[in-house]
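*Asks:* Sequence first, predicted coordinates after that:
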Amino acid sequence: MAVAYVVSTLSIFPVVFGLVILSDLDVAASTAAQHAALASSADALLAQFNTVSVAATLGNLGFLILALVMVRSAFSRWIAYLGVATGALGVVTEALRPILGGGFTLYGVLLLVWLGAVGWQLHRLSRPA
């Protein structure tokens with residue numbers, strides 16, 4: 001689940017590549033109607049990216065719940081609390097994505113740090129004592 005979520009966080013790349021393709025087509029367009037159609041396509045692509053994703057919000061809520069459970073487990077407290085902060089920030093930033101624009105980058109970095117810390121802790125817990 002975590003790997004799929006990190007990959008989905010990188011979903012901005014198809015939008016960027018789509019806009020590059022539309023830009024190239026716009027340069028080659030020769031009529032006002034073609035320019036207008038391509039501008040509408042770019043607007044639709046950006047609108048689709050900026051819509052609030054219910055799945056991503058629920059995923060972040062899942063991270064938050066998981067981190068809250070980690071607080072009372074064998075995980076280091078700092079990892080658990082980092083997860084709580086990451087999950088809470090994820091829920092808020094995903095809900096406010098249309099307003100924040102690229103401002104949810106901090107959340108993406110925090111998520112990668114938290115998942116790395118969880119992986120390292122799992123590795124350490126799996127070794128015999």
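*Replies:* Sure, I can see it. Numbering: from 1, shown residues only.

*Asks:* Measure how far the helix or strand containing Ser40 is from the centre of its chain, please.
*Replies:* Element membership for Ser40 (DSSP states H and E) is helix 32-50. With Cα atoms, centre = their mean, to the nearest Å as the basis, helix 32-50 stands 23 Å off its chain's centre.

*Asks:* for it, which positions count as buried?
*Replies:* 38, 41-42, 45, 49 (16 or more other Cβ atoms under 10 Å). Using the backbone N, CA and C atoms, a C-beta is placed for each residue, glycine as well.

*Asks:* just stretch 116-129 next, same as before
*Replies:* 117-118, 121.

*Asks:* Tell me the gap between it and the middle of its chain.
*Replies:* 25 Å.

*Asks:* again with stretch 81-98
*Replies:* 10 Å.

*Asks:* Only C-alpha atoms, please: export that stretch in CSV.
*Replies:* What follows is stretch 81-98, C-alpha atoms only, in CSV (Å, rounded to 0.1, in the frame of the first residue of the first chain):
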residue,chain,number,x,y,z
TYR,A,81,4.6,10.8,16.2
LEU,A,82,6.2,11.7,12.9
GLY,A,83,3.5,9.4,11.3
VAL,A,84,0.7,11.2,13.2
ALA,A,85,2.0,14.5,11.9
THR,A,86,2.4,13.2,8.4
GLY,A,87,-1.1,11.6,8.3
ALA,A,88,-2.7,14.7,9.7
LEU,A,89,-0.8,17.0,7.3
GLY,A,90,-1.7,14.6,4.5
VAL,A,91,-5.5,14.8,5.2
VAL,A,92,-5.4,18.6,5.4
THR,A,93,-3.2,19.2,2.3
GLU,A,94,-5.2,16.7,0.2
ALA,A,95,-8.4,18.4,1.2
LEU,A,96,-6.9,21.8,0.3
ARG,A,97,-5.0,20.7,-2.8
PRO,A,98,-6.9,23.2,-5.1
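
*Asks:* Check the burial of Tyr107 by counting its neighbours.
*Replies:* Close neighbours of Tyr107, defined as other Cβ atoms under 10 Å, add up to 23.
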